[in-house]
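Q: with the sequence up front, the predicted model follows.
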Amino acid sequence: MEKVSVIIITKNEEKNIARCLESVRWADEIVIVDTFSTDRTVEICRRFTDKIFEENWLGYGPQKNLCAERASNRWVLNVDADEVISTECAEAIQKLFSSKPEFPLYRFPRKNFIADRWVRHAGWYPDLISRLYDRDRVSFSDSMVHERLIPNDNGGVINHPILHYSFAGMEDYIQRQNRYSSLYAEEKKRLGWKAHWTHLYLRPVWMFLKTYFIRQGFREGFLGIFLSLSMAFYTYLKYAKTRSIQ
């Protein structure tokens with residue numbers, strides 16, 4: 001039976017990390033790569049694992065690959081510090097390894113929450129994400145943000161959702177968008193990609209229409225309006241920042 005290593009990257013996650021780690025106690029190994037947290041994150045992590053490494057920030061993709069390299073097992077489950085692996089999800093993963101896995105990676109649906117509200121529409125569910133993988137055959141891209149596993153075209157699905165307590169509220173959501181848009185611009189500059197003026201004006205409009213109407217954000221009421229407008233603004237912001245430094 002294959003063993004599974006859970007990998008988690010952290011920085012100042014004291015509000016989330018205990019809940020996350022409690023949900024993966026069943027794993028054979030938990031590996032943490034922390035980026036010099038200044039709160040109680042590392043102290044809390046020590047209650048669950050002794051495999052804690054402090055490293056400088058490299059970007060989301062490289063940081064997760066570094067964490068996977070510290071793992072002892074071939075199969076890796078990547079979990080974000082603000083996520084929870086439900087009991088049903090954990091049981092499905094363990095059942096998968098009762099025989100030889102068919103695929104090199106597995107995707108999960110994810111329930112995303114703002115505060116305690118599960119967002120069912122606006123493109124927030126099922127939000128399929130690739131998280132369980134054979135690190136001998138699959139690894140993360142070297143992207144600073146919006147990293148993905150590659151190759152990503154031959155995978156199975158485990159139909160038990162990961163719970164993602166992504167944002168404490170609207171203010172937290174906006175702050176995260178500002179940070180991610182800056183990382184996006186830095187990544188595009190590194191790749192030599194240039195934003196055209198049409199990206200600034202046409203794509204935000206399309207993002208609003210897609211989020212609110214096509215992805216049925218309107219079914220979330222006021223929150224749906226907020227999410228659609230904020231996604232449009234995020235789209236504008238990431239291209240505006242890219243143009244400002246290109």
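A: Structure received.

Q: quick check: domain ranges of this protein?
A: 4-167, 170-245 (automatic domain parsing).

Q: a markdown table for these, including mean neighbour count and mean pLDDT?
A: Any C-beta I mention is one placed from the backbone N, CA and C, and that applies to glycine too. Output for the domains of the chain, formatted as a markdown table (neighbours: other CB atoms under 10 Å; pLDDT from 0 to 100):
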| stretch | mean neighbour count | mean pLDDT |
| --- | --- | --- |
| domain 4-167 | 18 | 98 |
| domain 170-245 | 16 | 97 |
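
Q: separation between the nearest residue to Val145 once chain neighbours are set aside and His121?
A: Excluding its sequence neighbours, the residue lying closest to Val145 (CB to CB, 6 or more residues apart in numbering) is Leu183, at 3.9 Å. Leu183 sits 27 Å away from His121, going by CB to CB, to the nearest Å.

Q: could you pull up phi and psi at His199?
A: The phi and psi values for His199, taken as degrees, to the nearest 10, are phi -60, psi -40.

Q: now for it: which residues touch it?
A: His199 makes contacts with Tyr239, Thr242, as judged by CB atoms under 8 Å, 6 or more residues apart in numbering.

Q: without its sequence neighbours, what residue ends up closest to the most far-flung residue of the chain relative to its centre?
A: The centre of the chain is farthest from one residue, Trp197, which by CA atoms, centre = their mean lies 29.2 Å away. Spatial nearest neighbour of Trp197, chain neighbours left out: Arg243 (7.7 Å); criterion: CB to CB, 6+ apart.
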